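Trainee: Need coordinates for the following:
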Amino acid sequence: MPDRILADGRVAAEPDARERRVVWVIGIGLVVSTLFFTILHHGFPQVLDVPSNAGIPYTDYPTVFILDLIPFGLAWLCFHHARRRLGLYRAMIFLGGSFVFTGIEESMWILLGRYAQELQAALPSAPNAVLGQGSQEISGTYYFTRGFFWFIETPLLACLGWFFVAYSCVYVANLILPRARLGFRAVAGGLLAMNLDLWLDPVQTHETFKSWIWAQSDRINIFSIPLSNFMGWFLLIFLFALVFERLPNMVKRWGSAQAALYFYGVLFALEIGILIFFGIYGSIAMRLIPEPINLTIWGI
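Mentor: Residues are numbered from 1 along each chain as shown. Now for the predicted structure:
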C-alpha cells in the first residue's frame, strides 16, 4: 500500500488496530443513530411531538433528500482534507465530535422549549429563560423544518454543516495565526464562525425559506436573530477547538481508545456548562431589559 502524504509533506502513519476500531465505532455509531432518529422523526412524529411543516416551502421528501446531498458533498471535501492533514483517526474524531457536540446541543434547546410546560410543572424553580415560553402561536424555543436525515431533533444537514464550518474556521485560524497560543487561535476560529452566521441565519430564516423557526426571541436580537444564537456559534467552535487541539496529548497519555472516550466525555460536560451559562445569561437579560431590542440595518 503506498504511503499517504499529509498536506505538510509528512508521511502519515497508517492507523493501528486500536485507532481503526475507534474509527469504525464512531462511523457505525453515527450511521445507526442517524437512521434510528430519521425513522423516529418521519415514521413516529408523535413520539417527540414534531411540529407540522404545513405551509413551509421545500419540505417534501424528494426536495429535502436532494438538499441533504449538498452538505454531504461539502462534509466529504472537508473530511478528505482533514484526513490528509491529520490522519484518519483524528479526522474521524473531529467529524464525530463536531457532529455529536452540536447535534446534542441543538436538540437539547429544541426539546427543552418543546416540553417547557411539562418541565416547568416538574421543575417549578427552573428559569423561564432556559425552558422558553414561546409566542402565542408557537410554544418553545425553535425548531428545524427541513431535513431528510435526522440526529435527535437536528437535521443531518445542520450536523454536517457544523462539521465543515468548524473544520474550515479552525483550519483558517491556524493558517492566519500559526504561532499564536491555542486560546487566541480558538477565539479566531469562533469569531470566524460567528461572522459567517451573521449573514447566514437571516437568509435561512426568511419567510421564503424558513429552514428553522424561532418560537422565542432573546431580549437582544440582531437582524431579528437572538443574540444568544451568535454567542452559541462562537462558544461551540471556540470550546471544541480548545478540546480537539489537546487530543494528541490525550492519546499519548491514555491511548487512542481511552483518549476518544475522554474527548467525548469532556464535550458532554461542556454541553451542561453551556446550558448553565445561557440559563444565567437569559435570567439576567430578562431582568435588565424589559422589552426585546432588535438591532437591524435597512429593516432586516
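Trainee: contacts, neighbours, all on C-alpha from now
Mentor: OK.
Trainee: low-scoring stretches of the stretch 1-150 of the chain, by residue?
Mentor: 1-13, 120-140 (pLDDT under 70).
Trainee: Count the residues that sit near residue 175.
Mentor: By other Cα atoms under 10 Å, the residues close to residue 175 number 11.
Trainee: How about residue 257?
Mentor: 17.
Trainee: what about it, helix or strand, and which?
Mentor: helix 256-288 (DSSP states H and E).
Trainee: could you say what helices and strands that helix packs with?
Mentor: helix 17-43, helix 88-114, helix 128-131, helix 227-244, helix 247-254 (3 or more Cα pairs under 8 Å, 6 or more residues apart in numbering; DSSP states H and E).
Trainee: Moving C-terminal from that helix, which element do we reach first?
Mentor: Immediately after helix 256-288, counting by DSSP H and E, sits strand 293-295.
Trainee: Not counting residues beside it along the chain, what's closest to residue 292?
Mentor: residue 219 (4.2 Å; Cα to Cα, 6 or more residues apart in numbering).
Trainee: need the contact list for the most centrally placed residue in the chain.
Mentor: Nearest residue to the geometric centre of the chain (Cα atoms, centre = their mean): residue 102, 2.5 Å. Applying Cα atoms under 8 Å, 6 or more residues apart in numbering, one finds that residue 102 lies in contact with 159, 162, 236.
Trainee: where's the residue nearest to residue 292 relative to residue 158, distance?
Mentor: 25 Å (Cα to Cα, to the nearest Å).
Trainee: Same check on residue 118?
Mentor: 27 Å.
Trainee: what about these two, which has more around it?
Mentor: Using other Cα under 10 Å, the more surrounded residue of residue 118 and residue 158 is residue 158, with 20 against 13.
Trainee: residues of the one helix or strand the more buried one maps to that come out buried?
Mentor: For residue 158, the enclosing helix or strand under DSSP H and E is helix 156-176. Buried positions in helix 156-176, judged by neighbour count with 16 or more other Cα atoms under 10 Å: 156-174.
Trainee: What mean pLDDT does it get?
Mentor: The pLDDT scores in helix 156-176 average 93.
Trainee: what inclination does that helix have with respect to helix 227-244?
Mentor: On the basis of axes from the mean of the first three to the mean of the last three Cα atoms, to 10 degrees, helix 156-176 is oriented at 60 degrees to helix 227-244.
Trainee: Helix 156-176 - contacts with which helices or strands?
Mentor: Looks like helix 156-176 contacts helix 61-86, helix 88-114, helix 182-204, helix 227-244 (3+ Cα pairs under 8 Å, 6+ apart).
Trainee: and the angle from it to helix 182-204?
Mentor: Using the same axes, to 10 degrees, helix 156-176 lies at 140 degrees relative to helix 182-204.
Trainee: got the CA positions of helix 156-176 in PDB?
Mentor: As requested, the backbone C-alpha atoms of helix 156-176 are provided in PDB (Å, rounded to 0.1, in the frame of the first residue of the first chain):
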ATOM      1  CA  LEU A 156     -28.200  15.900   9.400                       C
ATOM      2  CA  LEU A 157     -27.500  18.900   7.100                       C
ATOM      3  CA  ALA A 158     -27.100  21.000  10.300                       C
ATOM      4  CA  CYS A 159     -24.800  18.500  12.000                       C
ATOM      5  CA  LEU A 160     -22.700  18.200   8.900                       C
ATOM      6  CA  GLY A 161     -22.800  21.900   8.400                       C
ATOM      7  CA  TRP A 162     -21.400  22.300  11.900                       C
ATOM      8  CA  PHE A 163     -18.600  19.900  11.000                       C
ATOM      9  CA  PHE A 164     -17.400  21.700   7.800                       C
ATOM     10  CA  VAL A 165     -17.900  25.200   9.300                       C
ATOM     11  CA  ALA A 166     -15.900  24.200  12.500                       C
ATOM     12  CA  TYR A 167     -13.200  22.500  10.500                       C
ATOM     13  CA  SER A 168     -12.900  25.300   8.000                       C
ATOM     14  CA  CYS A 169     -12.800  28.000  10.700                       C
ATOM     15  CA  VAL A 170     -10.300  26.200  12.900                       C
ATOM     16  CA  TYR A 171      -8.100  25.500   9.900                       C
ATOM     17  CA  VAL A 172      -8.100  29.100   8.700                       C
ATOM     18  CA  ALA A 173      -7.500  30.300  12.200                       C
ATOM     19  CA  ASN A 174      -4.400  28.100  12.300                       C
ATOM     20  CA  LEU A 175      -3.300  29.400   9.000                       C
ATOM     21  CA  ILE A 176      -3.500  33.100   9.900                       C
END
